[in-house]
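Colleague: coords please:
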Amino acid sequence: MDTPKPKGIVVFGGGTATNSLVDVFNDLRESRNCSLSYIIPISDNGGSSSELIRVLGGPGIGDIRSRLVRLIPNSDSNADLAATKALFNYRLSSDADAARAEWLDIVEGRHALWMKVSSEKRELVRSIFNMVNMEIVKRARPSSTFNFGRAAVGNLFLTGARIFTGSLESAIYLLSQICAIPPSTSVLPAINTNFTHHISAGLGDGTVITGQNAISHPSEPTALPDANGTTDPAVAAMATEDTDAHDLIEDANLPGSLPTLRKQYIEFSKSGEEDLTSRIERLWYINPYGHEIRPRANPKVTQAIEGANAVIYSIGSLYTSIVPSLVLRGVGSAIANSGVRHKILVLNSSNDRETGPSGSPFSATDFVKAIARAGGESQGDVERLGEVRRYVTHVLHMEGEGTPAVDKAELAALGVDCLRVYGRRVDGALRYDENGLKSTLEAVVGRVEMGRSRRNTKQ
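Modeller: Purely as a prediction, here's the structure:
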């Protein structure tokens, strides 16, 4: 009789922060001989994704591309895979004209990036590049041309593959095969869609910030209706004028959609960010006109959760990398009610713009409650904080200057266990020790071969 395969692991988190822990999660998957699923939000409207969305439409795929390329195995010992990784991670020049010339060299197969890519892979990838380039040329208008400045080549590929196949998941599958990602590891978009999805955040002082880029980086508040469905007349007049101006531009946006969702955000800095005026209290999805919507999660996301032994909320931006996936319909119920045994928050080593408003930085308890609230909102409960342990059972954290405060007694009262993990300083920033984090996760989840271990952990 065959031994049942252990239940899988699901990791929530997008962006470069979680990429730094990919090896840890892969080792955990191998020790348990199970599947590993990464859930990635598709609401990013900054960087090169903003220009793809503006001209071609579709979801924000930058974090998906980044995770897929990070998962390429053994690229150091395989010249073809190393060249593939370099190609899909490559960004064009910041100068728009130079970037366009460089892009044409890539499309035509003349760029140095192709030198060590196998011929059959090169021609397959080039066929997608040619197709997306044709789409960009077809949509060019005097009022709107595509800006190739700082464009991520992998993002252009994923967008082209999605347009060619008509399916985001098919595009991800194609890139997964090209990158030789093992079938035991999957990258799942939080929403399986061909359309753009945006988010808004509500602050405690009543301010509403629209668009992921504006939430993560300084931005003026957007003119949205108040509780009575009205806006200040002067603000509304300015918004209407701005919208009319954008409607003269031929791009992929619907007429009358919010200007802040139609702007280019190719260049932005993650340093020197202004503090939010108040804490983020709630995050939700909106349509192009700013009205709240409640999208359903990708069915494969809920299936992965229902078949998991552990859900891990990884490091990264709480409200733009994790919460956008948790508030989707179906996700909260799957986490709370499907029998997932371990629900683990790997706490950030510091607070960022989203969790560190001036004078009111988030504690570990605040992180946990935000996750629980998002799980409740997924099920339509936007008012009450439900039983926290249904969404978080463990917090893994480091101790050091600048780390979020951890009150073990407070968390224990909520039914959450705390485990301290050793960290190390890298370029002045505190980072999780990979071996220590792996051992701690194994202590919580358990490894199939060795049973539970407490090495490199402290209560």
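Colleague: how about the helices of the stretch 1-150 of the chain, start to end?
Modeller: Secondary structure of the stretch 1-150 of the chain (DSSP state H, counting those that start in this stretch): helices at 16-19, 22-32, 48-56, 62-70, 79-89, 96-107, 119-138.
Colleague: okay if I get the ones you listed as TSV plus distance to residue 301 and mean pLDDT?
Modeller: All C-beta spots, glycine's among them, are computed from the backbone N, C-alpha and C. Listed next are those as TSV, based on distance: least, CB to CB, whole Å; pLDDT from 0 to 100:
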stretch	distance to residue 301	mean pLDDT
helix 16-19	16	93
helix 22-32	17	96
helix 48-56	20	92
helix 62-70	13	97
helix 79-89	24	96
helix 96-107	33	97
helix 119-138	26	97
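Colleague: give the contact list for residue 8.
Modeller: Neighbouring residues of residue 8 by CB atoms under 8 Å, 6 or more residues apart in numbering: 34-37, 304, 307-309.
Colleague: what distance separates the start and the end of stretch 159-171?
Modeller: Taking CA to CA, to the nearest Å, stretch 159-171 runs 8 Å from one end to the other.
Colleague: For that stretch, buried residues please.
Modeller: Using 16 or more other CB atoms under 10 Å as the test for burial, stretch 159-171 gives 159-164, 167-169, 171.
Colleague: Among the helices of the stretch 1-150 of the chain, which comes closest to residue 339?
Modeller: Nearest to residue 339 among the helices of the stretch 1-150 of the chain is helix 22-32 (16.6 Å), distances taken as CB to CB.
Colleague: Give me the helices and strands touching the closest one, please.
Modeller: strand 8-12, strand 36-40, helix 434-445 (3 or more CB pairs under 8 Å, 6 or more residues apart in numbering; DSSP states H and E).
Colleague: got these as JSON lines, with distance to residue 208 and mean pLDDT columns?
Modeller: Below are these laid out as JSON lines (distance: least, CB to CB, whole Å; pLDDT from 0 to 100):
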{"stretch": "strand 8-12", "distance to residue 208": "24", "mean pLDDT": "98"}
{"stretch": "strand 36-40", "distance to residue 208": "25", "mean pLDDT": "98"}
{"stretch": "helix 434-445", "distance to residue 208": "36", "mean pLDDT": "96"}
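Colleague: right, so of those, which gets closest to residue 317?
Modeller: Comparing the helices and strands packed on helix 22-32 by CB to CB, strand 8-12 comes nearest, at 11.7 Å.
Colleague: Next, the angle helix 62-70 makes with the closest one.
Modeller: Going by axes from the mean of the first three to the mean of the last three CA atoms, to 10 degrees, strand 8-12 is angled at 130 degrees with respect to helix 62-70.
Colleague: Now do strand 8-12: distance to the chain's middle.
Modeller: 14 Å (CA atoms, centre = their mean, to the nearest Å).
Colleague: Okay, now the sheet partners of it, with direction.
Modeller: strand 36-40 (parallel), strand 308-313 (parallel) (DSSP bridges).
Colleague: any idea how far the last one is from the chain center?
Modeller: Same thing as strand 308-313. 17 Å.
Colleague: quick one: contacts of that strand?
Modeller: By CB under 8 Å, 6+ apart, strand 308-313 touches 6-13, 25, 32, 34, 37, 305, 322, 335, 338, 340-346, 371, 392, 441, 444-445.
Colleague: Phi first, then psi, for residue 202.
Modeller: Note on residue 202: its backbone torsions stand at phi -110, psi 130 [degrees, to the nearest 10].
Colleague: ok, so what distance separates it from residue 66?
Modeller: Residue 202 is 28 Å from residue 66, where distance means CB to CB, to the nearest Å.
Colleague: Show me which of these two is the more surrounded one.
Modeller: residue 66 (22 against 16; other CB atoms under 10 Å).
Colleague: what's the closest of the helices of the stretch 1-150 of the chain to residue 214?
Modeller: Taking the helices of the stretch 1-150 of the chain one by one with CB to CB, helix 48-56 is closest: 11.3 Å.
Colleague: which other helices and strands contact that closest one?
Modeller: Helix 48-56 packs on helix 119-138, helix 153-165, going by 3+ CB pairs under 8 Å, 6+ apart.
Colleague: just those: most buried one?
Modeller: helix 153-165 (a mean of 23; mean count of other CB atoms under 10 Å).
Colleague: Mind giving me the packing neighbours of that one?
Modeller: helix 48-56, helix 62-70, helix 79-89, helix 119-138, helix 168-178.
Colleague: and it, average pLDDT?
Modeller: Helix 153-165 comes out with an average pLDDT of 97.
Colleague: ok, and what's touching it?
Modeller: Contacts of helix 153-165 (CB under 8 Å, 6+ apart): 48-49, 52, 56, 58, 61-62, 64-66, 68-69, 87-92, 103, 106, 113, 125, 128-129, 131-132, 135, 168, 170-172, 174-175, 194.
Colleague: Most neighbours out of the contacts of residue 8, which is it?
Modeller: Neighbour-wise, the contacts of residue 8 (other CB under 10 Å) top out at residue 308, 26 neighbours.
Colleague: Give the bridge partners for that residue, please.
Modeller: residue 8.
Colleague: So that it lines up with my notes, have the first residue be 55 from now on.
Modeller: Got it, the first residue is 55 from now on, which makes the last one we talked about residue 362.
Colleague: Next one, pLDDT for residue 196 please.
Modeller: 87.
Colleague: Can you get me a residue count around it?
Modeller: 7.
Colleague: what does residue 266 give?
Modeller: 29.
Colleague: Same check on residue 430?
Modeller: For residue 430, using other CB under 10 Å, the count is 22.
Colleague: Residue 436 is in contact with that one, correct?
Modeller: Yes - under the criterion of CB atoms under 8 Å, residue 430 makes contact with residue 436 at 7.4 Å.
Colleague: wait, residue 407 sits on residue 331?
Modeller: No - in this structure, residue 407 is not within contact of residue 331 by CB under 8 Å, at 11.4 Å.
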